[in-house]
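*Asks:* Need a 3D model of the following:
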Amino acid sequence: MKVLKITKADLNENNEYVNGHLDYDGSVEIAASLGWVKFKSITVKGFLKSLAGSGIEAGWGIEAGWGIEAGCGIEAGLTIICNLKLSAKFRIFSGLAIWENASEEEKEIKCGKLESGEIAYGNLIESGLPEEKKNTPNCSGKIVEIDGVKYSLTIIN
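*Replies:* The predicted structure follows:
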């Protein structure tokens, strides 16, 4: 999966992502030591990760197909959603919309598992992590021959 790396060059003087909304068909990694990196909203198909000294702030919501990890904290005007692990070094806030009183649904922090971080504001909903495949033989790289033709095996998830 492709990874978009966000650096200081991608931010304006207010530490806002220059494109505002980020909708990316891959994963996103935010460079270290940028402070709070601000977005209008974030949607990524893979993981969303900020390195040490960088936090994630979105005026609307944050959604990642896989997991979210922040070197500092996470703030969202509305929901925070990821399918796997949610992790922050410090605190996590959801439903901070200043333009309205956020409903209980808009304060939701949905994840497979909260790995670290303190829920300072919002409602945590953990769905559980998918079970790891057990007793699956690792055949990747082995050679099989069928009708005189050799094939290299690859595991496809």
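
*Asks:* where does the chain have low pLDDT?
*Replies:* Across the chain, the ranges flagged by pLDDT under 70 are 132-140, 154-157.

*Asks:* Quick check, L4 in contact with S27.
*Replies:* Yes: if you go by CB atoms under 8 Å, L4 and S27 touch, sitting 7.2 Å apart. From N, CA and C alone the C-beta is placed, and that goes for glycine too.

*Asks:* Tell me which of the two has more neighbours.
*Replies:* Taking neighbours as other CB atoms under 10 Å, L4 and S27 compare with S27 leading, 20 against 15.

*Asks:* Thought M1 was touching that one, still the case?
*Replies:* Yes: using CB under 8 Å, S27 is in contact with M1, at 5.5 Å.

*Asks:* Quick check: neighbours shared by those two?
*Replies:* Each of K45, G46 lies in contact with both S27 and M1 under the rule CB atoms under 8 Å, 6 or more residues apart in numbering.

*Asks:* P130 touches K85, doesn't it?
*Replies:* No: look at P130 against K85 with CB under 8 Å: they stay out of range, at 11.4 Å.

*Asks:* So which of the two has more stuff around it?
*Replies:* Counted by other CB under 10 Å, P130 and K85 do not tie: K85 has more neighbours, with 17 against 9.

*Asks:* contacting residues for that one?
*Replies:* By CB under 8 Å, 6+ apart, the neighbours of K85 are G67, I68, E69, C111, G112, K113, L114, E115, L129.

*Asks:* same thing but 10 Å
*Replies:* Going by CB atoms under 10 Å, 6 or more residues apart in numbering, K85 touches F47, W66, G67, I68, E69, C111, G112, K113, L114, E115, S116, L129.

*Asks:* again, but for S27
*Replies:* For S27, the contact set (CB under 10 Å, 6+ apart) comprises 1-5, 44-49, 64-67.

*Asks:* cool, and L124?
*Replies:* I80, L86, I92, S94, K107, E108, I109, K110, C111, L114.

*Asks:* and the fifth one, how many residues sit next to it?
*Replies:* Counted with other CB under 10 Å, residues neighbouring K107 total 20.

*Asks:* any idea how far it lies from K38?
*Replies:* 20 Å (CB to CB, to the nearest Å).

*Asks:* The third one now?
*Replies:* When distance is defined by CB to CB, I92 is 16 Å away from K38.

*Asks:* that older thread, give me the common contacts of L4 and S27.
*Replies:* V44, G46.
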